[in-house]
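Undergrad: from the sequence below, what's the structure:
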Amino acid sequence: MALFGSARDASLLRSLNRELINRYIDMEIGYYKLNLGATKTNIYDESDDKVYNNILRINSIILKDTKTTQSDDYGIDYVRNGTFAFLRDDLVPRDIVMEVGDIIEYDGEFFEIDNTSTSQYFRGTNPENDLGFDMGLRGEFGWPVSVVVDAHVTRKNRLNISAVRSGINRTNNIPRNL
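TA: All right, here's what the predicted structure looks like:
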């Protein structure tokens, strides 16, 4: 039997992680879930006007890469990737399942999720595939610790989440007296 692998040990680590992430690190992101039911698609199952659910605020650990510039025929643009880590026990009670295509807002930028990973386990054991109880090893179990998301910065104007531009010139709409 492992020295540190009981439910009590996992509970201690869970409470320490929750306190560190929610109280001391306290980095909050805005999460927009892609609403597939309300998004209209073309015959190729593509859409230019995606619809997202209302924003959810979630605490996380954030690692942003530095900006790199790219230049093409249309001008100069920048690329930035980010990694966001969430405590899984904070997501499960709120029924949050992060998937590819969802949007994360942080520091004035919108990140589109490219990849999600839920393979970090306490003791390195997946609780759904744990054979410890069948083998008589009582008191040992796995615990899914985190959800780690890789994302890239995307343009605000193609998301339809916030108003980027307005096409009304208010000074020209004033009636003139002739």
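Undergrad: what is the mean pLDDT for the longest helix belonging to the chain?
TA: Longest helix in the chain by number of residues (criterion: DSSP state H): helix 7-19. The average pLDDT for helix 7-19 rounds to 85.
Undergrad: quick check: bridge partners of the residue nearest the centre of the chain?
TA: In the chain, the residue lying closest to the centroid (C-alpha atoms, centre = their mean) is Ile104, at 5.1 Å. With DSSP bridges applied, Ile104 shows beta-bridge pairing to Tyr31, Phe111.
Undergrad: repeat that for Ile76.
TA: Beta bridges link Ile76 to Ser71 when assigned by DSSP bridges.
Undergrad: isn't it right next to Thr69, touching?
TA: Yes: applying C-beta atoms under 8 Å as the test, Ile76 and Thr69 come out as touching, 5.7 Å apart. Using the backbone N, CA and C atoms, a C-beta is placed for each residue, glycine as well.
Undergrad: low-confidence stretches in this structure?
TA: 1-5, 124-142, 163-178 (pLDDT under 70).
Undergrad: tell me where it has helices.
TA: Going by DSSP H, the chain shows helices at 7-19, 88-91.
Undergrad: counting contacts, what elements does the first one pack onto?
TA: Think helix 7-19. On a contact count with 3 or more C-beta pairs under 8 Å, 6 or more residues apart in numbering; DSSP states H and E, helix 7-19 meets strand 81-87, helix 88-91, strand 109-122, strand 143-154.
Undergrad: now the ones you listed in CSV, with distance to Asn59 and mean neighbour count?
TA: Shown next, in CSV, are these (distance: least, C-beta to C-beta, whole Å; neighbours: other C-beta atoms under 10 Å):
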stretch, distance to Asn59, mean neighbour count
strand 81-87, 8, 19
helix 88-91, 7, 17
strand 109-122, 16, 16
strand 143-154, 12, 19
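Undergrad: dump those to JSON lines, plus distance to Tyr32.
TA: Compiled in JSON lines, those are given as follows (distance: least, C-beta to C-beta, whole Å):
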{"stretch": "strand 81-87", "distance to Tyr32": "13"}
{"stretch": "helix 88-91", "distance to Tyr32": "15"}
{"stretch": "strand 109-122", "distance to Tyr32": "8"}
{"stretch": "strand 143-154", "distance to Tyr32": "11"}
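Undergrad: minimum distance to Leu36: which of the ones you listed has it?
TA: Evaluated with C-beta to C-beta, these place strand 109-122 nearest to Leu36, the distance being 14.2 Å.
Undergrad: thank you kindly, that will do.
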